[in-house]
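**Q** build the 3D model from these lines:
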Amino acid sequence: MQHGVRAMIFDIVLLCLAGAAAGFLNAVAGGGTFLSFPALLYVGVPPIAANATATLSALPGYLSSAWGYRSDISGEGTLGLRIIHAIAALGSVLGALLLIVTPGDTFMWIVPWLLAAATVLFATGPALLRRLRQRGVGVAGPVLSGAAILGVSIYGGYFNGGLGIMLLATFGLLGHVNLHGMNGLKSILSAELSLISAVTFILADLIYWEQALIMAASATVGGYVGARISRRIVRTDLLRGFITLVGATMTVMILVM
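**A** Below is the predicted model of the structure:
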């Protein structure tokens with residue numbers, strides 16, 4: 001009996017710490033689900049349900065970090081914010097439906113390659129953008145920008161892990177240059193994508209509610225603290241390096257799981 005109680009307390013503490021760290025990481029860099037997702041697997045949640053539960057539990061952290069970045073968000077690129085939100089909503093639904101019909105083993109095989117691609121894109125994005133501009137290629141037009149947002153939104157609806165990194169990479173390639181503003185827009189879109197995906201997952205009965213509520217509460221605190229700390233970072237090149245390191249580390253972690 002005592003062993004069972006200790007195990008339950010350990011699981012609760014683990015979920016609290018993972019949720020807070022995930023909220024903090026999502027605000028600063030992205031990739032927080034790669035802390036919450038393994039924690040949910042460890043306490044016995046099946047892979048597809050763990051991804052769905054991690055998506056829902058990340059939502060309050062995204063909202064609190066978006067509030068922390070509220071003064072930095074501004075329009076960049078060729079698409080208005082309303083169009084971006086509409087495209088993101090569509091992509092989120094498509095991605096969530098795709099997850100529901102994906103076998104668990106296939107999902108676990110795909111995940112690290114998706115994150116690896118996002119990390120490489122984010123790391124090489126500024127250099128690639130400079131090279132394109134040197135060749136006379138300007139900021140992506142509305143059609144290409146819309147397609148890019150739709151693609152990353154489908155990714156976010158399918159798998160929340162690495163979504164922040166993928167969004168930041170996409171914004172950079174579409175001509176966004178203010179990293180703090182990009183982080184704010186990333187947080188808002190991540191919240192939108194998570195909310196729409198979570199509704200789909202709830203309807204499909206994939207959420208483990210006890211674990212989700214524990215992680216959501218701690219992610220709220222972590223998200224706000226992360227946003228406040230990140231805004232004080234003047235050297236955005238160091239922040240970009242940290243984000244790249246997070247993505248690479250999480251890719252390796254999920255490969256060896």
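**Q** all contacts plus neighbour counts: C-alpha atoms, from now on.
**A** Will do.
**Q** residue nearest the centroid of the chain?
**A** In the chain, the residue lying closest to the centroid (CA atoms, centre = their mean) is residue 163, at 3.0 Å.
**Q** so for that one, what's the nearest residue that isn't a sequence neighbour?
**A** Nearest residue to residue 163, sequence neighbours excluded (CA to CA, 6 or more residues apart in numbering): residue 156, at 5.5 Å.
**Q** tell me how far that neighbour lies from residue 61.
**A** According to CA to CA, to the nearest Å, residue 156 and residue 61 sit 16 Å apart.
**Q** so between these two, which is more surrounded?
**A** Applying other CA atoms under 10 Å to residue 156 and residue 61 shows that residue 61 carries more neighbours, namely 36 against 29.
**Q** tell me which element that one falls in.
**A** Residue 61 is part of helix 47-68, with elements assigned from DSSP states H and E.
**Q** what residues does the helix or strand that that helix is followed by touch?
**A** Using DSSP H and E, the helix or strand that follows helix 47-68 in sequence is helix 81-100. Residues outside helix 81-100 that contact it (CA atoms under 8 Å, 6 or more residues apart in numbering): 48, 75, 107, 146, 149-159, 189, 192-194, 196-197, 200-201, 204.
**Q** roughly how far apart are residue 226 and residue 237?
**A** From residue 226 across to residue 237, the span is 17 Å (CA to CA).
**Q** those two - which one has more neighbours?
**A** Ranked by neighbour count (other CA under 10 Å), residue 226 and residue 237 place residue 226 first, with 24 against 11.
**Q** now the more buried one. Nearest residue, chain neighbours left out?
**A** residue 24 (4.3 Å).
**Q** and the host helix or strand of the one you found, what does it pack against?
**A** Assigned by DSSP H and E, residue 24 falls within helix 2-28. Counting contacts by 3 or more CA pairs under 8 Å, 6 or more residues apart in numbering; DSSP states H and E, helix 2-28 is packed against helix 33-42, helix 47-68, helix 179-203, helix 209-230.
**Q** check which helices and strands the shortest one sits against.
**A** Based on contacts counted as 3+ CA pairs under 8 Å, 6+ apart, the elements that helix 33-42 packs against are helix 2-28, helix 47-68.
**Q** and that helix, C-alpha only, in PDB?
**A** Output of helix 33-42 as PDB, limited to C-alpha atoms (Å, rounded to 0.1, in the frame of the first residue of the first chain):
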ATOM      1  CA  THR A  33       6.100  18.800 -25.300                       C
ATOM      2  CA  PHE A  34       9.200  16.700 -25.600                       C
ATOM      3  CA  LEU A  35       9.400  17.000 -21.800                       C
ATOM      4  CA  SER A  36       5.700  16.500 -21.100                       C
ATOM      5  CA  PHE A  37       5.200  13.700 -23.700                       C
ATOM      6  CA  PRO A  38       7.900  11.400 -22.200                       C
ATOM      7  CA  ALA A  39       6.600  12.100 -18.700                       C
ATOM      8  CA  LEU A  40       3.100  11.000 -19.700                       C
ATOM      9  CA  LEU A  41       4.500   7.900 -21.400                       C
ATOM     10  CA  TYR A  42       6.400   7.100 -18.100                       C
END
